[in-house]
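1. structure of the sequence below:
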Amino acid sequence: MSSESSRSNVPLQTSLPINFLIIGGGIAGLACALALQRVGHHATVIERNDRRSSRGEGGIRLPPNLSKIFFHWGLRDALREKALISHSILFTRYESGEYLGEQVWDRDVLRETRGVFMVLTHAELHDILYDAATRAGVRIRFNAEVVSIDPEEREVELATGETLSGDVLVGADGEYGPSRTVVLGKEVRGGPTGLAMYDTIVPGKHLPEHLASLQKDNGVFVAFGDRRAALAYPVHGTQDFAFQFYGPDPNPEGKYGDPPSVAVAEIARPLDSRLQGIVSNARKAVRVSIRSHEDIDDWVGDDGRLVLIGEAAHPFPPGTIQATAMAVEDGAVLAKLFSHLSEERQIESFLYAFQELRQSRARSVRASEFGNAFFMTLDGEGARQRDAAMKAKSATGRNVLEGDSGEANALWEEVRTIFGYDCEDEADDWWVQWGLLRERALSSQAGHGDDDGGDAPHAPPLLDFSAMTVQVSSTASE
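-> Next comes the predicted model:
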């Protein structure tokens, strides 16, 4: 059997289609809309920017837990037209270029995940999702800026004065959008870390000779430095390379969507001299501040049907491999749950089930990714120990993320667990273990009411999912 998912892409259809109004037309919003439309609901996406601006620039990596979702949705061919399958990571020192080692992804691990590693640009992925969503019947409106949200009335007001409504409002408008503020009752921003990611594209012809293998193998390049780092991978059929430089942040307000404004040469030094051609020929970079966020308890508004997904619910460090994956997983789980919708009374329960299913997963993965961002930029003794351990493994021909002395390395096991996770299977498990139980209990109570000869009383919420903690499995689902 192929290591890639071979699951049928025909999903269960809801018996009660409702209208979802999705605020935000980035990757999270489009993916959520596509997922909901696939199970029979009606999705409308409103995006404050025009389409070109919302597509973004820079590169994006798709881990196996994300690529297999897209494969489930029938996007395999569209992805393979644009994305490259990546197999390895090359590690060096940022300042000197010293070789630290390599990680070649184990075929057995990938077979377990049922996905692959892929790289492409943010604009290409946005186009793939836009085309798939519109073909599925999703309505998408650009230049539609939301100025107020009324969760109780399930309405939003646009800057033009127009009012739009839905049965459920989905906030996919990021950390800085209005949805997060409405759910939390106040503006909640992360704190500065002093580190930023600088996102740019470099023509592949300027890649130095010692990195030529990256074009041949679609490899990822990572350079560790003192409070600096660089990460790169091929895009546009290896004609260009997406580069993400990590370095000091002079102003902790940079975010995606800002115009490219930073000359890479100003922030890249001191850098391996062989990479000067890249620095000199890179486009101006977008500066995205890395901010420290506390977990928020509420993803669902108390006074109406407004639910947060993606960066609005759990902002990730920019450039990390799981940031986009977690946003798409959110949409996939929401749609899976709502594929079982048969009565309006289930809506609130499904929203709270979504929150409980996703919070533990997103929190643990975000903590890991936050740690990885600072692992790359370690300095002092921590950096020396990290580099020495990697070089020692490389000297014996081993992958640098493997464990020591036959014992499972915690990081390697974490990688296997994160990449092997199947969010749609988890949503199905919730329905079997809890959703059906609740429906049968309510049905039984209604039946007893009929036996008494009177009108059946309103059934109490025997299982209140707004207060329930769901245990999410951390193992790969077969």
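2. can you pull out the low-pLDDT segments for the stretch 351-478 of the chain?
-> Along the stretch 351-478 of the chain, the parts satisfying pLDDT under 70 run over 404-416, 443-478.
3. sorry, that was for the chain
-> For the chain, the stretches flagged by pLDDT under 70 are 1-9, 404-416, 443-478.
4. in it, which helix is the longest?
-> helix 346-376 (DSSP state H).
5. helices or strands up against that one?
-> With contacts defined as 3 or more Cβ pairs under 8 Å, 6 or more residues apart in numbering; DSSP states H and E, the packing partners of helix 346-376 are strand 306-308, helix 323-338, helix 410-420, helix 423-430. Placement of C-beta: from N, CA and C, glycine included.
6. and for whichever helix or strand comes after it, what's in contact with it?
-> Of the helices and strands lying after helix 346-376 in sequence (DSSP states H and E), the nearest is helix 380-395. Here helix 380-395 makes contact (Cβ atoms under 8 Å, 6 or more residues apart in numbering) with 91, 93, 99-102, 224, 226, 375, 378, 399-400, 402.
7. ok, of those, which come out buried?
-> Among the contacts of helix 380-395, those classed as buried by 16 or more other Cβ atoms under 10 Å are F91, R93, L100, G101, E102, F224, L378, N399, V400.
8. the last one against L100, yeah?
-> Yes: judged on Cβ atoms under 8 Å, V400 makes contact with L100 at a distance of 6.9 Å.
9. now list whatever residues contact both of the two.
-> Counting by Cβ under 8 Å, 6+ apart, the common neighbours of V400 and L100 are F91, M390, S394.
10. list just the nearest of the residues you listed to D272.
-> F91 (12.8 Å; Cβ to Cβ).
11. so which strand or helix has the residue nearest to the closest one when sequence neighbours are not counted?
-> Nearest residue to F91, sequence neighbours excluded (Cβ to Cβ, 6 or more residues apart in numbering): L100, at 4.1 Å. Counting by DSSP H and E, the element that carries L100 is strand 99-104.
12. other SSEs contacting the following helix or strand past that strand?
-> As assigned by DSSP H and E, the chain's next helix or strand after strand 99-104 is helix 107-113. For helix 107-113, the packing partners by 3+ Cβ pairs under 8 Å, 6+ apart come out as helix 64-72, helix 410-420.
13. quick check, nearest of the buried ones among the contacts of helix 380-395 to E155?
-> Nearest to E155 among these is L378, at 48.6 Å by Cβ to Cβ.
14. now do the contacts for the closest one.
-> By Cβ under 8 Å, 6+ apart, L378 lies in contact with F224, D226, R386.
15. quick check, central residue of this structure?
-> T324 (2.3 Å; Cα atoms, centre = their mean).
16. for that residue, give me its contacts.
-> Listed by Cβ under 8 Å, 6+ apart, the contact set of T324 reads I27, I60, L62, L66, L125.
17. of those residues, which is the nearest to A232?
-> Of all the contacts of T324, A232 sits closest to I60, with 12.9 Å by Cβ to Cβ.
18. correct me if wrong: the closest one contacts A123.
-> No: I60 sits out of contact with A123 when judged by Cβ under 8 Å, with a separation of 9.2 Å.
19. these two: which is more packed in?
-> I60 (25 against 18; other Cβ atoms under 10 Å).
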